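Enquirer: here is the input, now give the coordinates:
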Amino acid sequence: MSNTATCLQHAFMMLASALYSNACAKGEECVTQTWDVKYEKWDFMVIFWNFAAAPYRFSAPVYIAHYSASLLAYYIRRAGCSFDTPNSQKSRFRMQMQGVYVPRWNFPQLPWGTIHNPRYISTEQGNKLLTSGWWGIVRKPNYTADWTQSVLWGIPAGFTAPLPHWYGIWFFIVLVHRCERDNERCSACYGADWKRYCSIVKHRFIPFVY
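Expert: This next block holds a predicted model:
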C-alpha cells in the first residue's frame, strides 16, 4: 500500500474520530441522564472499561486503517448514528416532558435528533415511556447502534484471526446483561405499565430477534 493511501485512511480515521468526540461534546447536556452516570456511577464495569479496554479499543483503528479503506463508511456511520440520534431523541424527549428543552445548534446537528409530537405511554408513577422514533422499534436503539459498530470494527480485518472480533463478542455479552438488569428494574418499577410498553415495543435491541 502506498504512503499516500495510508495517509488518506489515517486522515479519514482522524476526521471521523473527531466527529465521534464532537458528538459527546455537543450533547453534554444529555450525559448526566445516561445509564453509566445515573445508575452505575463509578463501578467495576466502568473502571475496567476505561483503564483496561479503552486504551486498546481506541488505538486499534490505527492498525486496522493500514489495511482497509472501508473505515471511512464505518466511522461516518458510527459518528452519525451511534451517538447522535438514539441518545439525542431520548434525552430531548425527557427535556420536552419536563418543559426545559432548548434547541441547540452545535455542529453537526442531525435533523432527526429531536422527535416532534412524540408518542409515549404514561405510567402510574408519572413517568413517560417513549414509543416513537428509534425507540418505537426497539427498547434500546442506542445499544443496537453501538453493538453494530462494534461488529463492523472487526470486519475490515477479515476473519483469519479472532482478535479483531473480540470487542463485538464481549460487548454483546455486556449489553445483554445490561438489558436484563434494566428489564428487571423497569418491571419492578412500572408493573402493568411496563408490560403494556413491552407489548408495543417488543424487542430489546436486536429488531425481530431479541
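Enquirer: look up how far P103 lies from P111.
Expert: 12 Å (CB to CB, to the nearest Å). Where C-beta positions appear, they are placed from N, C-alpha and C, glycine not excepted.
Enquirer: just I115 next, same as before
Expert: 13 Å.
Enquirer: higher neighbour count, the two?
Expert: Taking neighbours as other CB atoms under 10 Å, I115 and P103 compare with I115 leading, 21 against 7.
Enquirer: what are the ranges of the helices in this protein?
Expert: For the chain, the helices defined by DSSP state H occupy 3-26, 28-31, 35, 44-48, 54-65, 71-77, 85-98, 141-154, 166-190, 192-200.
Enquirer: quick one: low-confidence parts of this structure?
Expert: 1-17, 19-20, 23-24, 26-46, 49-50, 52-83, 106-110, 153, 156-157 (pLDDT under 70).
Enquirer: could you rerun that using 80?
Expert: Within the chain, the segments meeting pLDDT under 80 span 1-84, 104-112, 146, 149-164, 167.
Enquirer: neighbours around Q89, how many?
Expert: 22.
Enquirer: next one: the one 10 residues further on
Expert: The local packing of G99 (other CB under 10 Å) involves 6 other residues.
Enquirer: also the one 5 residues further on?
Expert: Applying the criterion other CB under 10 Å, we find 14 residues in the vicinity of R104.
Enquirer: could you double-check that R178 sits in contact with D146?
Expert: No. R178 lies out of contact with D146 (CB atoms under 8 Å); the separation is 10.7 Å.
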